[in-house]
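Colleague: coordinates for the following, if possible.
(chains A and B)
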Amino acid sequence: MNIAAAATKLTVNGEAAALRSPPATRLAEALRSELGLTGTKVGCDAGDCGACTVLLDGEQVCACMVPVAQAAGRDVTTVEGLARDRALSDLQAAFLRHGAAQCGICTPGMLMAARDLLDRNPSPTEREAADALGGVLCRCTGYRKIVEAVLDVAGSQPCAEPETHVRPAAAVGARIARLDGTPKLTGDEVFGADFAPPDALTLRVIRSPVARGRFETGDLAAFRQARPGIAAVLTAADIPGSNAFGVYPVGKDQPVLADRIVRYRGEAVLAVVGNSAAVAALRDEDLPVSWHEEEPVVGVEGAAASGAAIVQAGRDGNVLARGRVVKGDIERGFAEADFVAGGEWRTSFVEHAYIEPEAGWARRIGDRLEIHVSTQSPYMDRDETALILGIGEEQVRIVPTACGGGFGGKLDLSVQPLVALAAWTLGVPVRCTYTRPESMASSTKRHPAAIRARAGCTAEGTLTAFEFHGDFDSGAYASWGPTVADRVPVHATGPYVVPHVKNTSCAWLTNAPPSGAFRGFGVPQSAIANEALLDDLAGQCGIDPLAFRLRNAIRKGDETSSGQVLEHSAGLADCFEALQADWDRERAEAERINRAGGPLRRGVGVAGMWYGCGNTSMSNPSTMKIGISAEGQVTLYNGAMDMGQGPNTIMPQIAADALGVPVERIANIAGDTDRTADAGKSSASRQTFVSGRATQIAGETLRADILRLANVGPAAALEIGDGRIVLRDGDAERTLDLRAMARDAEGDVLAADGTFDPPTEPLDADGQGVPYATYGFGAHLAVIDIDIELGTVKVQRIVAAHDVGRAINPTLLEGQIHGGVAQGLGLALMEEYVPGRTENLHDYLIPTFGDIPPIDTILIEDPEPLGPYGAKGIGEQALIPTAPAIFNAVHHATGVRLRHAPALPHRVREALLAVQEAGHT
Amino acid sequence: MSVYLRPDNLEEALDALRCRPLTVLAGGTDYFPGRVGRPLDDDLLDLTGIAALRGIADEGGYWRIGALTTWMDLVRADLPACFDGLKDAAREVGGVQIQNAGTLAGNLCNASPAADGAPNLAALEAEVELSAADGVRRLPVTDFLTGNRTTALESNEIVTAVLVPKLPGAAASAFLKLGARRYLVISIVMIGIVLVPDGGTVGNARIAVGACSPVTRRLPALEAALNGRPLDAALGEAVSAETVETVLTPIDDVRGSAGFRMDATLTMLRRGLSDMGRRIGAGA
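Modeller: Alright, predicted model coming up:
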């Protein structure tokens, strides 16, 4: 009965299969590694995320928790078994149609859970669908479009067909389905962990178990020699170039492998490389490392305390960066105020929780290195890896895999330098996939904030002054801490006209994971404060909160806190106005509900937002290229990384209209540093605006070149056929013979690139200047029910209005907004990363299927002349107003101002009790 | 190389356990999460080949829930109303994936203070059947669970069933769970209630609270205070802080503070009891 040596026979997707993995092996692992069925994704190995959901004898289970032995004789269906004869099943087609897949990493799990449901219940209700799919986490979509797709395929909630055949000059604005969607639905998409050459070795990182301390390694050579499957144990001493990385050109401070000193729990210390079985057999404690723990610097108070230990030598006082925006005379501003509101707020570390952990592989080819990795920033990966290896940038090629969610967390290096170092040193391919706890312990976080702010207004409700200071816990290394310190003071006033401003910030070094980039760079935190102050002032003035915001909303011709006059595309007031009808109705409904009394109270809150697109007062160009081959294939060389947000779809849409061809004619080469130019990072809500404009320029340039070659006028219609372009201009018709033209290295005979760098001006010592070329604006309305006895807050509805300049693809935009709302809701109500304590997806809570309410999206189009066809960014904008709108709704329902995010039930209840007690004394 | 045993009968399994220590595996929903990034090199005894251990049977005086019975098996089973609370608990165990694989017996053996199945099983006065090669013994659930992650299970024993004594047909039950999100959430507080009516009054009340002590705890003083009370919407008024605070020992953790847990427990007890009082009273 010991079956340790026997093969396991089973049926997979209708065909007989045999698995030779040991019987305790996770079925997910065996399906992927033995059968190559990598459509089954591994997000946590702990049953927390559901990405690995398969059907076992027709019932959904997590394949990460099924030992291979238990699959013996049974019938397994994976996502690869859904499509028949290469055609998408109805369910998959519905997902594509609705935009239910963004990054696609959770999609196989969602599809399998939905299949299980529909096989049992062909016409489920929304509640039944949520119950059935509730075991799968999604970090991109906010779940709404998934539930729509499931109800659509069940026939209970149909949706219009997406526009598939779009005329030239009509792709921009069309709801075309995601162009890279099909492989995400069939399981064919290749993410970071889905492929490596068969001879690749596996790399495992040994990490610091202590937040601060020193370590010594013992005899690593003896350790390795005692284990035949282990090829190398790499240390800081093995790094040929600079053992320091960071996102800025100067101040790189984070070691790839720590050198005797560790500064946060989870910091990489050693890299063990070997065959997969030998590496999997290791325990961290097997390694000869001795640890000397020291008292860590915890929190901004700990960093700032007198006599605090120093986190990084040379950073006296633990100050990483400061930011400052000062305008007018703050004392005068408050002197002119009839009402003043103030307060303090705290937020927590927030984890990106992309469902795809960091993963990739590298190989050395001669004197070049090729890295295949899930990333948001291929060129930065290339340049940083070259510095670390001490080789030329041109010697490194980054080939991005599909990216299973980023949200800022895959901007910084993770596996890249480690697999690069190992492959470069050993001369064999090397792969690495982080475990979920490793991903959570080691990767960057949203900065916790400690905020003190006050604002003043006249009796009529006109803002006169705003003063803000935010201390941000930047963790052990710089990462994007300086960016947060810069961005927050610029935005902290909110999207309102204030004549007298003093906004300051400080990023502190502590012995915590590095805080880095996370959708909004500190602005979601500061918005909680500024939008609360607006409500408090409105209350003091006796003015309706929405009316108060409209009164102070920044508009064209107004000056920002940075002294920048907005000339174009400032649709904030339109966003607020778009909420008015819902606001009136929902506030009246809340009043009616609350008259009945009882523990459940309804609240309706509103919050506005603004957010600069692109880097703050820094050049951040993008270059995009379009080529046409001798055969007539149009190719977009697209370096704008798609992590689910959509550049693989909207850039071709822009290219199609700029060039004047149907979008389906355009092939997309995504982010390969040997084939695509530097489009900059997928961050700062810049790709639609910056790379979109670069694409438009490339398309228009190429079109102009073609028209000139053919000697036809600007209105000519292009028809690109096999080996030729036919141009029709009125009655004239001309043909360009592509095959007669010279080919470039890509095989293209015609090509043009476009570069766009959004114009900004430096900020002076008082933060005055032009930090951004354009801003996105928006406003959210939140309807919540709060249980005042239990402290639970249930969001019932969000209405989200955003000025996007121009909606390139409304379906994708809605998806971005839904996802931003979901992350904003998580920030508000449940997400709190505690190092060493919540390094998994059951102690760290992100919203599930049942937590996201219906979301109404309203797209305002106030065109930005610099943007492609008027468009600007949405990625971060969508998240910012959600948490403050929810907190304002809680205040409306209860009179209690929540000051600590996340507002977990115990914090809400304690705040309610504190107010009750204050009322009794 | 580690051992993986998957017998198809209980005798063989018990025999194996008599000879050597083995990690017992059923649905795997606690085993695998406990070994993320670690080698799977335990010597394992996988019970899932023993078909006789799965299923719910009427054994006259009690219901026998075989050790391999999954949460979903329970949800789908045709059982009297005293199981409604336990079924509601089953629907809150992870997602459907976990309900399809995880077992009630495994939930007890894992002995998490926040085990979703424990409060209602305690309120049902369920017993755990422990089998060894040399005999079988039974322990009440509340004796089987001895602490945070500890049980009375000996290394040569297997939990083979959970036995639920039959109650009068009118017995009703409820499960209340407080968590910070809708699905996949570890409880902050859980309440299991079983009420046996006696005409229009409470004949026998059994109440257990989970996630507020190292193990699920019954509330004898509250139960006594409820007996004889009219079944109506005022039933929750029997709840007093004294009846709860002397029994529970909640802690502060990432999910909530100790004070909040105590406070929420009182609210949930009042609501759960008043709701049941109203429901049963209206039906009586």
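
Colleague: got the residues of the stretch 1-150 of chain B near chain A?
Modeller: B:1-7, B:12, B:16, B:25, B:27-29, B:31-33, B:36-42, B:44, B:46, B:48, B:72, B:91, B:94-98, B:100-101 (C-beta under 8 Å from any C-beta of the partner chain). The C-beta positions use only the backbone N, C-alpha and C, and glycine is treated the same way.

Colleague: filter these down to the ones in strands?
Modeller: Members of these lying in strands (criterion: DSSP state E): B:Y4, B:L5, B:L25, B:L44, B:D46.

Colleague: may I have the secondary structure class of A:V690?
Modeller: Under DSSP: H, G, I helix; E, B strand; the rest coil, A:V690 falls in the helix class.

Colleague: give me the nearest residue to it, chain neighbours excluded.
Modeller: Sequence neighbours aside, A:S622 is the residue nearest to A:V690 in space, at 4.6 Å (criterion: C-beta to C-beta, 6 or more residues apart in numbering or on different chains).

Colleague: who's in contact with the residue of chain A found nearest chain B?
Modeller: Per C-beta to the nearest C-beta, A:G135 is where chain A lies closest to chain B, at 1.6 Å. For A:G135, the contacting residues are A:G50, A:T53, A:Q60, A:C62, A:A113, B:G94, B:G95, B:V96, B:Q97, B:I98, B:Y183, B:L184, by C-beta atoms under 8 Å, 6 or more residues apart in numbering or on different chains.

Colleague: one more time with 10 Å, if that's ok
Modeller: By C-beta atoms under 10 Å, 6 or more residues apart in numbering or on different chains, A:G135 lies in contact with A:47-50, A:53, A:60-62, A:109-110, A:113, A:848-849, B:94-100, B:183-184.

Colleague: of the residues of the stretch 1-150 of chain B next to chain A, buried ones?
Modeller: Buried residues within the residues of the stretch 1-150 of chain B next to chain A, defined by neighbour count using 16 or more other C-beta atoms under 10 Å in any protein chain shown: B:3-7, B:12, B:16, B:25, B:27-29, B:31-33, B:36, B:40, B:42, B:44, B:46, B:48, B:72, B:91, B:94-98, B:100-101.

Colleague: for A:D286, grab the count of nearby residues.
Modeller: Neighbour count for A:D286, taken as other C-beta atoms under 10 Å in any protein chain shown: 14.

Colleague: would you check that it makes contact with A:V272?
Modeller: Yes - applying C-beta atoms under 10 Å as the test, A:D286 and A:V272 come out as touching, 9.3 Å apart.

Colleague: overlap in contacts of those two?
Modeller: Residues touching both A:D286 and A:V272 (C-beta under 10 Å, 6+ apart) are A:I206, A:F223, A:R227.

Colleague: SS state for the first one?
Modeller: Three states are possible here, and by three-state DSSP the one that applies to A:I206 is strand.

Colleague: please apply the same query to A:V326.
Modeller: Classification of A:V326 by three-state DSSP places it in strand.

Colleague: quick one, what contacts it?
Modeller: Residues near A:V326 by C-beta under 10 Å, 6+ apart: A:467, A:489, A:500-504, A:561-562, A:764-768.

Colleague: from A:I798, how far out is A:V783?
Modeller: Distance, A:V783 to A:I798, by C-beta to C-beta, to the nearest Å: 8 Å.

Colleague: equivalent analysis for A:I355, please.
Modeller: Distance from A:I355 to A:I798, by C-beta to C-beta: 22 Å.

Colleague: now do the shared contacts for A:V783 and A:I798.
Modeller: Common contact partners of A:V783 and A:I798 (C-beta under 10 Å, 6+ apart): A:P853, A:P854, A:A885, A:I886.

Colleague: secondary structure element for the closest residue in space to B:L219 that isn't next to it in sequence?
Modeller: Among residues not flanking B:L219 along the chain, B:I207 sits closest, at 4.8 Å (C-beta to C-beta, 6+ apart). In this assignment (DSSP states H and E), B:I207 forms part of strand B:201-210.

Colleague: just give me how far that strand sits from the chain centre.
Modeller: Mean-position distance between strand B:201-210 and its chain equals 15 Å (C-alpha atoms, centre = their mean, to the nearest Å).

Colleague: and it, what does it pack onto?
Modeller: helix B:118-123, strand B:172-178, strand B:189-198, strand B:217-218, helix B:220-226, helix B:241-245, helix B:258-283 (3 or more C-beta pairs under 10 Å, 6 or more residues apart in numbering or on different chains; DSSP states H and E).
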